[in-house]
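Participant: next comes the sequence, and after it the predicted model I'd like to discuss.
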Amino acid sequence: MTSIIKNRQFNQVLFSEIFAVLSFSMYLITVSWYVVDYLETPQILGLVMAAASIPRMITMFIGGVLADRVQKSQILFITQLLKAVLIGVLLLSVAHNTLTVTHLLLVSVFIGFLDGFFFPALSSLIPSIVSQKELQPANTLIHSSQELVFLLGPIAAGAILHYYDFTATFTVSIFATIIGAVFVFPSFIKDTIPDKQKEKLSFLKEFKAGYRYLKSSSLYLTAIIIIIIVNFFVFGPLFLSLPILAKELGGSALSLSFLEAGFSMGSLAATLFLLFYNLKRNRGRNILIYLIMTLLLLGVFSQLSTISLLIPFVSLIGFFGFITFVPTDVIIQEKTDPAMMGRVMSIVFLASTAFDPISQTLFSSFMSLGFSVSILLAVFSGIGLILSILVYVKAKKWRALQ
């Protein structure tokens, strides 16, 4: 921990991530509440959130290869500045009272394009600036700071929306994004510039090499399945349901912010736990047990009908969900060749982000057919629980992982 805290490069990445997450958390709750409360069209919220998934998947193939080819801080700096411009488009639209679903969908699509470059660069940068034994505390610091901001960001956004308007939250989001970009300015970070290959392969061939590398071990396959289950059956439907439940139960923007903050409190507690307790024994088996617990808690959550009860249970889901996800991510980084890190992490990030929008789209589609949020959450948790138990039974090599 001492060496990590003294690591200037890591600290700058950490602060950049803090401001990036602050921007995103305020952007997310503003857009969610605008769709649910102002436009009064909760059935399209899943579509707006999922609009980023397809362009993200497209650019993810390029982003992972690019992260292995060029200086990663350049990618982080440029993508954050472009995100500030996109949020600025929303700010101008809402200020002139012209913000429509079309604007939200287009901005979401372009943010998805940028995410495909941003996250593989971020995930592969961390192993290049810390030692292998520091990977869990480093990743945990990143995730704990994210969750702390996700705890404070929604509350701040809810308060601003309550006392001011949408333009105020968009403005704060833009400034936070710009500050985050400054922290990862390449001349400040001075991270390694990858050596130029004598023979350049095409992006597609390099991505295929990363895919074959992942297929070489069943541990990678199990890890990706775990990440997909967490995102498709838990995080995707959960995040979509929060603004809808807040509205259905007679809440306000503050109620939504408390639900969002409740999840962040649980995930923050999980990352703090991992920060001080390094999982070394029975990691594989324990991760699968935490996954099963997450899905059981989501099943209980689906049957609650008051915001005061939803908050503690969404916190528990956040705790067990993140105590499943973070160690799985660390195991992948530990087992990966640094030369393949960008491509491997792009595929892992694809698994962690491509499936929750798909689940949200399905969730919204079933809502349009008349199914209630409670029934759908129960169904998603039930299917995810069955799959998790099957993984526990079949993945013997993963269960034996120390």
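Facilitator: Received the coordinates, thanks.
Participant: which helices and strands sit right next to the helix or strand harbouring residue 247?
Facilitator: Element membership of residue 247 [criterion: DSSP states H and E] is helix 236-248. Judged by 3 or more CB pairs under 8 Å, 6 or more residues apart in numbering; DSSP states H and E, the packing partners of helix 236-248 are helix 8-33, helix 45-50, helix 253-276, helix 307-335, helix 355-368, helix 373-394. For every residue, glycine as well, the C-beta is placed using N, CA and C.
Participant: columns mean pLDDT and distance to residue 293 on top of the ones you listed, output as CSV?
Facilitator: Below are the helices and strands packed on helix 236-248 laid out as CSV (pLDDT from 0 to 100; distance: least, CB to CB, whole Å):
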stretch, mean pLDDT, distance to residue 293
helix 8-33, 87, 25
helix 45-50, 74, 26
helix 253-276, 80, 12
helix 307-335, 86, 5
helix 355-368, 80, 19
helix 373-394, 92, 10
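Participant: closest to residue 234 out of those?
Facilitator: Nearest of the helices and strands packed on helix 236-248 to residue 234, taken as CB to CB: helix 307-335 at 5.7 Å.
Participant: now do the closest one against helix 373-394, angle only.
Facilitator: Helix 307-335 and helix 373-394 are oriented at 30 degrees to each other (axes from the mean of the first three to the mean of the last three CA atoms, to 10 degrees).
Participant: let me see the mean pLDDT of the next helix or strand after helix 307-335.
Facilitator: Downstream of helix 307-335, the next assigned helix or strand under DSSP H and E is helix 341-353. Mean pLDDT, helix 341-353: 73.
Participant: and helix 341-353, C-alpha only, in PDB?
Facilitator: Provided in PDB are the C-alpha atoms of helix 341-353 (Å, rounded to 0.1, in the frame of the first residue of the first chain):
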ATOM      1  CA  MET A 341      -3.000  -7.000 -21.900                       C
ATOM      2  CA  GLY A 342      -4.800  -4.500 -24.000                       C
ATOM      3  CA  ARG A 343      -6.500  -7.100 -26.200                       C
ATOM      4  CA  VAL A 344      -7.300  -9.400 -23.300                       C
ATOM      5  CA  MET A 345      -8.800  -6.600 -21.200                       C
ATOM      6  CA  SER A 346     -10.800  -5.300 -24.200                       C
ATOM      7  CA  ILE A 347     -12.500  -8.700 -24.400                       C
ATOM      8  CA  VAL A 348     -13.000  -8.800 -20.700                       C
ATOM      9  CA  PHE A 349     -14.500  -5.300 -20.800                       C
ATOM     10  CA  LEU A 350     -16.700  -6.300 -23.700                       C
ATOM     11  CA  ALA A 351     -18.000  -9.100 -21.500                       C
ATOM     12  CA  SER A 352     -18.600  -6.700 -18.600                       C
ATOM     13  CA  THR A 353     -20.400  -4.000 -20.600                       C
END
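Participant: and for the helix holding residue 247, what's in contact with it?
Facilitator: With CB atoms under 8 Å, 6 or more residues apart in numbering as the test, helix 236-248 has contacts from 32-33, 35-37, 42, 45-46, 49, 251-252, 255-256, 259-260, 263, 298, 301, 307, 310, 314, 317, 355-360, 363-364, 367, 373, 376-377, 380.
Participant: for residue 133, find the nearest of the helices and strands packed on helix 236-248.
Facilitator: Per CB to CB, nearest to residue 133 of those: helix 307-335, 9.4 Å.
Participant: pull out the buried residues from that closest one.
Facilitator: By neighbour count with 16 or more other CB atoms under 10 Å, helix 307-335 contains the buried residues 307, 310-311, 313-333.
Participant: report the angle between the axes of the helix or strand in which residue 121 is found and helix 8-33?
Facilitator: Element membership for residue 121 (DSSP H and E) is helix 101-129. Helix 101-129 and helix 8-33 are oriented at 160 degrees to each other (the same axes, to 10 degrees).
Participant: list the residues that contact residue 395.
Facilitator: Counted by CB under 8 Å, 6+ apart, residue 395 has contacts 218, 222, 284, 288.
Participant: and residue 328, by the same measure?
Facilitator: 223, 226, 227, 287.
Participant: and the residues you listed, which two are furthest apart?
Facilitator: Top of the distance list for the contacts of residue 328 (CB to CB): 227 and 287, 10.6 Å.
Participant: ok so, going back, what's the following helix or strand after the helix holding residue 121?
Facilitator: Assigned by DSSP H and E, the successor of helix 101-129 is helix 135-163.
Participant: burial of residue 187, as a residue count?
Facilitator: For residue 187, the neighbour count with other CB atoms under 10 Å is 7.
Participant: for the one 3 residues further on, same thing?
Facilitator: Using other CB under 10 Å, the number of residues around residue 190 comes to 13.
Participant: look up phi and psi at it.
Facilitator: phi 50, psi 50 (degrees, to the nearest 10).
Participant: in contact with the nearest residue to it once chain neighbours are set aside: list those residues for me.
Facilitator: Excluding its sequence neighbours, the residue lying closest to residue 190 (CB to CB, 6 or more residues apart in numbering) is residue 9, at 7.2 Å. Residue 9 makes contacts with 129, 189, 190, 191, as judged by CB under 8 Å, 6+ apart.
Participant: mind doing that once more with 10 Å?
Facilitator: Counting by CB atoms under 10 Å, 6 or more residues apart in numbering, residue 9 touches 73, 125, 126, 128, 129, 130, 184, 188, 189, 190, 191, 192.
Participant: go on, residue 295?
Facilitator: Residue 295 neighbours (CB under 10 Å, 6+ apart): 229-230, 233-234, 317, 320-321, 324, 380-389.
Participant: make a PyMOL selection of the buried ones in those.
Facilitator: To isolate the buried ones among the contacts of residue 295 in PyMOL, judged by 16+ other CB under 10 Å, type:
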select buried, resi 229+230+233+234+317+320+321+324+380+381+384+385+387+388
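Participant: state the distance from residue 326 to residue 248.
Facilitator: 32 Å (CB to CB, to the nearest Å).
Participant: which stretch among the helices and strands packed on helix 236-248 comes nearest residue 137?
Facilitator: helix 253-276 (6.0 Å).
Participant: now that closest one: buried residues?
Facilitator: In helix 253-276, counting by 16+ other CB under 10 Å, buried: 253-275.
Participant: circling back: can you say which of the contacts of residue 395 are buried?
Facilitator: 222, 284, 288.
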